[in-house]
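[1] compute the structure for the input listed below.
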Amino acid sequence: MKVHLLHETRDFDFGADLPARYEDVARDLELATLLGAMADGDKILSQVSAKVLLACLDDPEAIRYRQRVLADCLAQPQIIREMYAVAVGALEDKRQLWGGYGGSYQNASSNLMGAVRHLEAYVARLRQLRKIADDHAGKCRSYGLRTLFATLRRELDDEYFGEISYHLKQLQFRAGAVISAELDRDNSGTGFVLRDPGDARRGWKERLGIAPRSSYSFTLAPRDEAGAEILASLTGRGINLVANAAAQSADHIGGYFTMLRAELGFYVSCLNLAGRLETKGVPVTSPEPTQPSPPAFSCTDLRDACLELTSRDRVVGNDAQADGKPLVIITGANSGGKSTFLRSVGVAQLMMQCGLFVTASSYRANVTRGISTHFIREEDPGMTSGRLNDELKRMSAIASRLEPHGLVLFNESFAGTNEREGSEIGYQIVRALLDADVTVFFVTHRFAFAERFRRLHARSTLFLRAERQPDGRRNYKLAVKDPLPTSYGQDLYYRLGGWLDEDSALTPAASPDGEQRTWTLPAGPQAPADRQDERDRG
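    Alright, predicted model coming up:
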């Protein structure tokens, strides 16, 4: 039997390695928060969720297959949790059983005994799965769950349980093992065959001695240890094939429960996450994956799922429309929400490509062949290399594994040098990525870098700018606007310096393009501004 809840035609490969440098992606996008909410304290769920989340699907139809299964899970959560509990219980039973099988120190008899015990425990759990399938098969609409229930009902029918119960009872050899053998030329035993004990069981008249003897027997002396060892060896040779078959059957059923726990575990993790988000009233939607080309990206009210899970305050969502534009450059006011939007895109893309919902009112994007992040880092405390050298090394590692139709997220990259050099390095790298059919989202404060793309590649680039209120406050909304030569860093300077009261008015000075770039501070000391925790909003 197969599970096939994550793929239509095969099981998920949980033994596969995680993508190269996945630690950088997990760190930059703060995936530990997301995985923690999905696992809800369960170590197995955490491992399963990480494997599925980071193994991005690049086929839109494969993503839709999981989305349909997830829709059933969200509609009938009690069924999924009940089946998951059965799978977990089966594997717990295995650990709690006394005696095992397959060890190098064990003989055929102990292997058979251990395998039979495991099979008896597994059969009880298979009966539970069959009952769930009988009770709830008609409630599911997805092909994945309907096929799973149909398989359980077909393979685990009454005839199967009757036959396996009979064989397990026979393998206990309560009346002894009946083995036939032949003598070789040197009178050694050969051709050992385990027989059905029902064919050789003596009748009650023969056992009472009032009927003719149908077979010959002998009795060992109570202290004949050598004879007992010889008989045990002969018995082992007779039941060895059966013991191996029973052990293989136990392994097969155990493997099925292991895969069932893992694949159902992903959907249980999705239910855990949905519950957390629903408690906060966060909008979620089933995203629309499209083919890798032409470029497509649009979202409404997109939010950073990890920020939603940690923030007590309302998280601001953003809208964007970048269809036909493989490059998105995000500029604007410091602490205005640029980095938060970048993370929201990366997390949403991962969630979409593993079959999950996303935290938005709508989300539509290309499937990508790998997601990479290049975020700003603290300077090396060991002083073994400079910041720019470290940035270029990380960029080289990313480039070495990139494929066409990949996605790279840059956050204040190449800031380890001056404006001119940093802008030139960034421009050359981004142009090379675009030529290789790689989609790029780039958060930057380099005006020369952004302005160069505005002049030369405006048609293929979407420019978003973090908005700034006339009084210097941020509303964490991004608007489609051209880059400015200022990031309004002086806003933070005055706030942190305690010279700007949150109620104080600023006198704006109009710039030639109509944007407010500078202002005049009122004279006299001011009260400290409200220092709300913006959690590196950009």
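
[2] name the SS class of the residue of the chain most remote from its centre, please.
    Among the C-alpha atoms of the chain, the one most distant from their mean position (CA atoms, centre = their mean) is that of residue 210, at 71.2 Å. At residue 210 the chain is in coil, as set by DSSP: H, G, I helix; E, B strand; the rest coil.

[3] and residue 289, by the same measure?
    Residue 289 ends up strand, using three-state DSSP.

[4] gap between it and residue 9?
    According to CB to CB, to the nearest Å, residue 289 and residue 9 sit 19 Å apart. In short, each C-beta sits where N, CA and C put it, glycine included.

[5] neighbour count: the two, which is higher?
    residue 289 (26 against 8; other CB atoms under 10 Å).

[6] count the residues that sit near the residue lying closest to the more buried one once chain neighbours are set aside.
    Excluding the flanking residues, the one nearest residue 289 by CB to CB, 6 or more residues apart in numbering is residue 60, at 4.1 Å. Residue 60 sits with 17 neighbouring residues when counted by other CB under 10 Å.

[7] was I right to think residue 60 contacts residue 368?
    No - with contact defined as CB atoms under 8 Å, residue 60 does not count as touching residue 368 (11.5 Å).

[8] next, count neighbours for residue 122.
    22.

[9] let's have the chain start at 55 instead
    Right, with 55 as the first residue, what we last looked at is residue 176.

[10] quick one, what contacts it?
    Contact analysis of residue 176 by CB atoms under 8 Å, 6 or more residues apart in numbering lists 144, 147, 304, 307, 308, 311.

[11] ok so, going back, give the full set of residues in contact with the residue nearest to residue 343.
    Shown in contact with residue 114 (CB under 8 Å, 6+ apart): 343, 344, 345, 421.

[12] tell me which two of these sit farthest apart.
    343 and 345 (8.4 Å; CB to CB).

[13] just the buried residues from the contacts of residue 114, in ChimeraX please.
    Here is the ChimeraX command that selects the buried residues among the contacts of residue 114 (16 or more other CB atoms under 10 Å):
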select :343,344,421
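
[14] can I get the contacts of residue 114 in TSV with distance to residue 394 and pLDDT?
    TSV is the format used below for the contacts of residue 114 (distance: CB to CB, whole Å; pLDDT from 0 to 100):
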residue	distance to residue 394	pLDDT
343	23	97
344	25	96
345	29	95
421	24	97
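
[15] hmm, back to that, so what sits against both of residue 343 and residue 345?
    With CB under 8 Å, 6+ apart as the test, residue 343 and residue 345 both reach 114, 420, 421.

[16] where does pLDDT dip in this protein?
    152-160, 227-231, 249-263, 265, 267-272, 284, 287-292, 433-439, 540-592 (pLDDT under 70).

[17] which residues in the stretch 405-554 of the chain form strands?
    In the stretch 405-554 of the chain, the strands defined using DSSP state E, counting those that start in this stretch lie at 416-420, 425-429, 461-465, 493-497, 515-522, 528-534.

[18] packing partners for the third one?
    It refers to strand 461-465. helix 392-407, strand 425-429, helix 473-489, strand 493-497 (3 or more CB pairs under 8 Å, 6 or more residues apart in numbering; DSSP states H and E).

[19] nearest to residue 333, out of those?
    Closest among those, using CB to CB: helix 392-407, at 18.2 Å.

[20] remind me what the longest helix seen in the chain packs against, helices and strands.
    Identified as the longest helix of the chain according to DSSP state H is helix 279-334. The contact analysis (3+ CB pairs under 8 Å, 6+ apart) places helix 279-334 against helix 85-93, helix 97-108, helix 114-129, helix 131-150, helix 162-190, strand 232-237, strand 243-249, helix 359-364.

[21] count the residues that sit near residue 182.
    Residue 182, neighbours per other CB under 10 Å, totals 16.

[22] my read: residue 322 touches residue 138, true?
    Yes - between residue 322 and residue 138 there is a contact under CB under 8 Å: 5.1 Å.

[23] which residue of the two possesses the greater neighbour count?
    Neighbour count, other CB under 10 Å: between residue 322 and residue 138, residue 322 has more, with 26 against 19.

[24] show me which of the shared contacts of residue 343 and residue 345 is closest to residue 500.
    residue 420 (26.3 Å).

[25] from memory the closest one sits against residue 351, does it?
    Yes - with contact defined as CB under 8 Å, residue 420 reaches residue 351; the gap is 7.1 Å.

[26] give the intersection of the neighbour lists for these two.
    Common neighbours of residue 420 and residue 351 (CB under 8 Å, 6+ apart) are residue 493.

[27] the closest residue to residue 179 other than its chain neighbours and residue 177: what is the separation?
    Nearest non-adjacent residue to residue 179, counting by CB to CB, 6+ apart: residue 144, 4.1 Å away. According to CB to CB, residue 144 stands 10 Å off from residue 177.

[28] those two: which is more packed in?
    Taking neighbours as other CB under 10 Å, residue 144 and residue 177 compare with residue 144 leading, 24 against 16.

[29] surely the more buried one touches residue 175?
    Yes - here residue 144 reaches residue 175: they are 7.2 Å apart, a contact under CB under 8 Å.

[30] residue 521: how many residues sit nearby?
    The number of residues packed near residue 521 is 17, by other CB under 10 Å.

[31] circling back: possible to save the helices and strands packed on helix 279-334 as a markdown table with distance to residue 426?
    Formatted as a markdown table, those follow (distance: least, CB to CB, whole Å):
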| stretch | distance to residue 426 |
| --- | --- |
| helix 85-93 | 14 |
| helix 97-108 | 12 |
| helix 114-129 | 20 |
| helix 131-150 | 33 |
| helix 162-190 | 41 |
| strand 232-237 | 63 |
| strand 243-249 | 59 |
| helix 359-364 | 18 |
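
[32] which one of the ones you listed lies closest to residue 196?
    Closest approach to residue 196 among these is made by helix 114-129 (4.0 Å; CB to CB).

[33] and the closest one, how far out from the chain middle?
    Distance of helix 114-129 from the chain centroid (CA atoms, centre = their mean, to the nearest Å) equals 14 Å.
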